[in-house]
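*Asks:* dropping a prediction and its sequence here:
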Amino acid sequence: MNSILSIRELTKSFPVRRGVFRRTVGHVRAVDSVDLDLAPGESFALVGESGSGKTTLARCVVRLIEPTSGSVEFRGENLLELSAEVLRRRRRHFQIIFQDPYGSLNPRMRVERILAEPLEVHDLVPASGRKRRVHELLDTVGLSAEAAGRYPHEFSGGQRQRVGIARALATEPELLIADEPVSALDVSVRAQIINLLAELQQRLGLTMMLIAHDLAVVEQITDRCGVLYLGRLVELGPTRGLFERPQHPYTVSLLSAVPLPDPHRTTERIVLSGEPPSPSDPPGGCAFHPRCPIARERCSSDRPALTEVAPGHRVACHFAGELQLGQNASPDASGTFSSSDRSIQ
Amino acid sequence: MTARPPVVIGAGLVALFVLAAILAPVLAPHDPAEQNLARRLESPSAAHPLGLDELGRDILSRLIFGARVSLGVGLAVVLLSGAIGSLIGAASGFLGGRVDAVLMRVSDVFLAFPGILLAIALVAVLGPALRHVILALVVIGWVGYARLVRGQVLQIREMEFVAAARATGVRGRLVLLRHILPNVLPTLTVQLSLGMAGAILAEASLSFLGLGIQPPTPSWGAMINAGRSHLLDAPHLGLFPGLAILLTVMALNYLGDALVDSLDPRERRLHIKQ
């Protein structure tokens, strides 16, 4: 596969320290041996519940967090081996949009400076042309040029997120990682921001990794989709195929929880028992087996590898496909944004 | 939340004192060193609104000239200890690891010492002189700023906009200068104005103990000390310099409190609208 981003066995574990002496008593594997390839220009979604390691994975990819092991190849170059200075210069090619539009903009900088900074540190536009470029960027994300002179606190959440998107686009990156870009926003503006992202991705030919827990959004704007559970990738495939015929029991239960806009359909929800296990003490074998409705003995000892079940569709389950979405429960592609306001948290 | 005094009150009072110090030779009605032993301890009158001291010198003139010492020492101490403390605190918080551990253990040693006692010991060893007083107060003063700035840097560097700056490709040094320190500045400024009040009090204490600036140069602390032996027969000797210290310290505290609000860009707009 001709990929722009190639992640191999990426693992990040955080030490767990306890007691007076802060002894390390164990490790939390927030991201556990993840393999993932993104093709140029594709729109990829990473889904999973809170605590599944989505954000950690994203931050490891751009080295805002140093991964414990593995490799992240971007355009054939392992980012994890780059020196600080070389990495800093490469950063213009991959950018990230943060979840919290309130915290991700420096409160003491006017929008103009926020957007000019990437141009300046990468020497992209001479000082004289920066103002024009800033106005262009604002226009790209649907803000007026007048916004340049204002401070972040003068904007609404949705507008701030537009500023965040403009900042990420300032360096004309090839890869854009959007870390739950709408989960901190009002439901009413979520669709606007998502549509803006989808449109920009198309228009600029960006490779996008969208981290989300809102499945309706994922279904609408992404080509491929990966499901993360306890730091492990459990299912990976084309979004349409994965939504229509999910193979992993976790994905099945996740999809069965998506609310449908049709009142005549009866949804057969698969309700999982218990809480997700602690990543500091993950269950042996398949991480999902304690909550899995079809788990058997083998699942508690053997860790399943990602195996191809259909072209491009891979699943990490010994009994992939055995649990099916109920006939009536299949969410169809016409699911509109109105269904997104009750997202899976 | 209690209402904070507007900036103008604190700033106005402070400006008044600063102006008095600068214009001392013009404002003072008499020579602060001119003695008139025949009229010693005289009570306030039209010619001498605050009376005369134990050597028959005009107290108002001495107070006005004394403001130079008090404010000068306060400003020098605050600027020097603020600069040194901020540098150490910023390095400590930003670099972390061993640098942080070493710097903070050193600051612990300074913190463990009773500050004024250390200052007294230093001045006693070095000899009473204005620059020694400043040095001693900086030695005990920098720790507070270092701790404050370190804490702020630690807190702010974990914020998302700092991660965003790093993800953008901003150099580490620039992240500190552009994104972290400007956000420390409001807290630091407030601390500086409160610290100046503290430094003025400390200088007065040292002068009161005879360790500050030496006669005949007037200093508020030394004036209170002189008034001590005449508290009953001529209370105006100690009263007026005491009031001067009280007012200055209060004005600086007012200013500090008011700055908390006005330095925040989020609050600034609101004030303009009102």
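*Replies:* Ah, there it is.
*Asks:* tell me which stretches of the chain form helices.
*Replies:* Chain wasn't specified; assuming chain A. Counting by DSSP state H, chain A has helices at residues A:54-61, A:84-90, A:111-121, A:130-140, A:157-169, A:187-204, A:215-221, A:239-244, A:249-256.
*Asks:* please go with chain B instead
*Replies:* Secondary structure of chain B by DSSP H: the helices cover B:7-22, B:24-27, B:59-95, B:97-112, B:115-126, B:130-156, B:160-168, B:172-174, B:181-208, B:220-228, B:236-262, B:265-273.
*Asks:* and these, which one's lowest on average pLDDT?
*Replies:* Least confidently modelled of the helices of chain B is helix B:265-273, at a mean of 49 by mean pLDDT.
*Asks:* distance check, residue A:137 against chain B.
*Replies:* 13 Å (Cβ to the nearest Cβ, to the nearest Å). Backbone N, C-alpha and C define where each C-beta goes, glycine included.
*Asks:* would you check that that residue makes contact with residue A:114?
*Replies:* No. Here residue A:137 lies out of contact with residue A:114, judged by Cβ atoms under 8 Å, at a distance of 10.2 Å.
*Asks:* ok, residue A:234 touching residue A:248?
*Replies:* Yes. The pair residue A:234 and residue A:248 qualifies as a contact (Cβ under 8 Å) at a distance of 4.9 Å.
*Asks:* so what sits against both of these two?
*Replies:* Residues touching both residue A:234 and residue A:248 (Cβ atoms under 8 Å, 6 or more residues apart in numbering or on different chains) are A:227, A:288, A:315, A:316, A:317.
*Asks:* can you give me the pLDDT of the fourth one?
*Replies:* Residue-level confidence at residue A:316 comes out at 92, pLDDT.
*Asks:* please spell out which residues along stretch B:98-115 are buried.
*Replies:* Residues B:100, B:103, B:104, B:107, B:110, B:115 are the ones in stretch B:98-115 that count as buried (16 or more other Cβ atoms under 10 Å in any protein chain shown).
*Asks:* now check it, is it near chain A?
*Replies:* No. Stretch B:98-115 lies out of reach of chain A by Cβ under 8 Å from any Cβ of the partner chain, never closer than 13.5 Å.
*Asks:* next one: that stretch to chain centre, how far?
*Replies:* Here stretch B:98-115 is found 22 Å from its chain centre; the criterion is Cα atoms, centre = their mean, to the nearest Å.
*Asks:* keeping just the C-alphas, turn it into PDB.
*Replies:* This file holds the C-alpha atoms of stretch B:98-115, laid out as PDB (Å, rounded to 0.1, in the frame of the first residue of the first chain):
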ATOM      1  CA  ARG B  98      17.900  17.900  37.700                       C
ATOM      2  CA  VAL B  99      18.000  21.600  37.100                       C
ATOM      3  CA  ASP B 100      14.700  21.900  38.800                       C
ATOM      4  CA  ALA B 101      15.700  19.600  41.700                       C
ATOM      5  CA  VAL B 102      18.900  21.500  42.400                       C
ATOM      6  CA  LEU B 103      17.400  25.000  42.100                       C
ATOM      7  CA  MET B 104      14.500  24.100  44.300                       C
ATOM      8  CA  ARG B 105      16.600  22.600  47.000                       C
ATOM      9  CA  VAL B 106      18.600  25.800  47.100                       C
ATOM     10  CA  SER B 107      15.500  27.800  47.400                       C
ATOM     11  CA  ASP B 108      14.300  25.500  50.200                       C
ATOM     12  CA  VAL B 109      17.400  26.500  52.100                       C
ATOM     13  CA  PHE B 110      16.600  30.100  51.700                       C
ATOM     14  CA  LEU B 111      13.000  29.600  52.600                       C
ATOM     15  CA  ALA B 112      13.800  27.700  55.700                       C
ATOM     16  CA  PHE B 113      15.700  30.800  57.000                       C
ATOM     17  CA  PRO B 114      13.700  33.500  58.700                       C
ATOM     18  CA  GLY B 115      14.100  36.200  56.000                       C
END
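*Asks:* mind saving the C-alpha coords of stretch A:222-230 as PDB?
*Replies:* Taking C-alpha atoms only, stretch A:222-230 is exported to PDB below (Å, rounded to 0.1, in the frame of the first residue of the first chain):
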ATOM      1  CA  THR A 222     -14.700   9.200   6.400                       C
ATOM      2  CA  ASP A 223     -13.600   6.500   3.900                       C
ATOM      3  CA  ARG A 224     -12.000   4.200   6.400                       C
ATOM      4  CA  CYS A 225     -12.400   3.600  10.100                       C
ATOM      5  CA  GLY A 226     -10.500   1.900  12.900                       C
ATOM      6  CA  VAL A 227     -11.900   0.800  16.300                       C
ATOM      7  CA  LEU A 228      -9.800   1.100  19.300                       C
ATOM      8  CA  TYR A 229     -10.500  -0.800  22.500                       C
ATOM      9  CA  LEU A 230      -8.100  -0.500  25.500                       C
END
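*Asks:* ok, residues contacting it?
*Replies:* By Cβ under 8 Å, 6+ apart, stretch A:222-230 touches A:32, A:34, A:36, A:42-49, A:52-54, A:57, A:208, A:210, A:218, A:233-239, A:242-243, A:248, A:250-251, A:254, A:276-277, A:279, A:282, A:287-288, A:312.
*Asks:* and residue 252, how many neighbours does it have?
*Replies:* Since no chain was named, I'll use chain A. Counted with other Cβ atoms under 10 Å in any protein chain shown, the neighbours of residue A:252 add up to 25.
*Asks:* not quite, I wanted chain B
*Replies:* Neighbour tally, residue B:252, other Cβ under 10 Å: 26.
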